[in-house]
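A.B. asks: Give me a 3D structure for the following:
(one chain, ligands or ions: 1)
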Amino acid sequence: MTIEVHAAGGSCPIYVGDGVFSSLGEITERHIRGVRATVVSDANVGNFYMDRALESLRCAGISAEGICVPAGEGSKSIEMLCTLWNTLHGYGMTRSDAVVALGGGVVGDLAGFAAATFMRGCPVVQVPTSLLAQVDSSIGGKTAIDMPYGKNLIGAFHQPAAVVTDPQLLSTLPPDRFTEGMAEVVKYGCICDAELFCGIENGTVGTEEIVVRCAEIKAGVVSRDEFDSGERMKLNFGHTVGHAVENVMGYGWISHGEAVSVGMVASARLGERMGITASGVSERLAALLTSLGLPVKCEFGVSDLSRALLADKKMCSKGIRFVMLRDIGVSECVTVASEDLLKSLEWVIGQ
Ligand code: GLY
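C.D. replies: Numbers count the residues shown, from 1 in each chain. Sure thing, here's the model as predicted:
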């Protein structure tokens, strides 16, 4: 099936379904004017899928080459970006040719930003291979690299020419990476889809259905708020405390999904304490996340966490912005005065 993201620069199709990866070449050929493609992957994913990607592109008449970057967040660096620019130049790519981002969030962000900047922008086709990338990061055009002073600080909005989402590719994903992605899936249930939340609780939704439902939700949100000034901020549910947890623990020591899991419960507990969230929601949420193998508590004290929260870019003069739940499936953005947050923090993070 195809889901459309309606963006300012035109429509971006998400081709989603088991087996759609085998049509990568045909889909790319349909959406670019050029004759070349450079597939960017990482060492892990490239081992499984690079050859199939190149073959599919070449069968569709596209001259395709591949490059693999080291797996991991460390590749979202200015040095690796420069390596990609040089590679694209070396392969004779023009601004009509395509970068194909074959991987999880790191590859999608890095290759997407290389495409956004090479020759002032060439098309990118996103082929997400992690659950997190399939349900979230490959959709909506956010691309970025990290700087020594923070994550995702240099980047651009660059909508993909197409997204090719094949849930079958998740069969080679390590189980802990799948679990990490489930945190973002639960997030969608929390912010706007109570039925999805119940389906996960009862084990009645399969992986393909989960991917399709989440892609539909994200496509809708991005179509209504491409540049993140309103509704799209709701996708940050759990991310305010989550980013602070990642920051304090050190990137790489806790996965993004695990940190978001802790952050979602903290936000629900804070919401209950403030009388915004219906009572019992944080407990129900924590029970689901725990059953999925995700953490729901911080293992460290509040002073470092407070510092990280106050340094966050979601901080504004009136306080810090949180996405809070009214109930499962109903959310809103709330600004919490920093004094109120700091007073409740110890209780909120569950110690
Ligand atoms: N992952 C959040 C967003 O795309 O806005």
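
A.B. asks: can you tell if the one helix or strand C214 maps to touches the ligand?
C.D. replies: In this assignment (DSSP states H and E), C214 forms part of helix 207-224. No: remark: helix 207-224 sits outside contact range of the ligand, by CB under 6 Å from any ligand atom, the gap being at least 7.0 Å. In short, each C-beta sits where N, CA and C put it, glycine included.

A.B. asks: How far off centre is that helix?
C.D. replies: 12 Å (CA atoms, centre = their mean, to the nearest Å).

A.B. asks: Tell me the first helix or strand C-terminal of that helix.
C.D. replies: Following helix 207-224 in sequence, per DSSP H and E, is helix 239-249.

A.B. asks: just to revisit the earlier point, for the helix holding C214, which outside residues touch it?
C.D. replies: With contact meaning CB atoms under 8 Å, 6 or more residues apart in numbering, helix 207-224 is reached by 1, 3-7, 14, 16-18, 131, 134-136, 139-141, 165, 167, 170, 184-185, 188, 192-193, 196, 199-200, 205, 230-232, 234-235.

A.B. asks: what's the nearest residue to the residue of the stretch 151-300 of the chain found nearest the ligand if we skip its chain neighbours?
C.D. replies: Using CB to the nearest ligand atom, the single residue of the stretch 151-300 of the chain nearest to the ligand is L235, 4.1 Å away. Distances taken as CB to CB, 6 or more residues apart in numbering put V221 closest to L235, at 6.4 Å, once the chain neighbours are dropped.

A.B. asks: quick one: which helix or strand includes D18?
C.D. replies: Assigned by DSSP H and E, D18 belongs to no helix or strand.

A.B. asks: Next one: it relative to S137, how far apart?
C.D. replies: Separation of D18 from S137 (CB to CB, to the nearest Å) stands at 21 Å.

A.B. asks: Equivalent analysis for P13, please.
C.D. replies: 17 Å.

A.B. asks: quick one: which of the two has more around it?
C.D. replies: Between P13 and S137, counted using other CB atoms under 10 Å, S137 has the larger neighbour count: 23 against 18.

A.B. asks: Among the contacts of helix 207-224, which lie within strands?
C.D. replies: I3, E4, V5, H6, A7, I14, V16, T165 (DSSP state E).

A.B. asks: Buried subset of those residues, written for ChimeraX?
C.D. replies: Buried residues among the ones in strands among the contacts of helix 207-224 (16 or more other CB atoms under 10 Å), as a ChimeraX selection:
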select :3,5,7,14,16,165
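
A.B. asks: need the ones in strands among the contacts of helix 207-224 in a markdown table with distance to T38 and pLDDT, can you?
C.D. replies: As requested, the ones in strands among the contacts of helix 207-224 are exported to a markdown table (distance: CB to CB, whole Å; pLDDT from 0 to 100):
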| residue | distance to T38 | pLDDT |
| --- | --- | --- |
| I3 | 26 | 98 |
| E4 | 26 | 96 |
| V5 | 23 | 96 |
| H6 | 28 | 95 |
| A7 | 23 | 92 |
| I14 | 21 | 98 |
| V16 | 24 | 98 |
| T165 | 20 | 98 |
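
A.B. asks: Quickly name whichever of the ones in strands among the contacts of helix 207-224 is closest to T117.
C.D. replies: Taking CB to CB as the measure, T117 lies nearest A7 of those, at 18.3 Å.

A.B. asks: quick revisit: and of the ones in strands among the contacts of helix 207-224, the nearest to the ligand?
C.D. replies: The closest of the ones in strands among the contacts of helix 207-224, once distances to the ligand are taken by CB to the nearest ligand atom, is V5, at 11.0 Å.

A.B. asks: Got a quick ChimeraX command for the buried subset of the contacts of helix 207-224?
C.D. replies: This is how ChimeraX selects the buried members of the contacts of helix 207-224, with burial counted by 16+ other CB under 10 Å:
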select :3,5,7,14,16,17,131,134,135,136,139,140,141,165,167,170,184,185,188,192,193,196,199,200,205,231,232,234,235
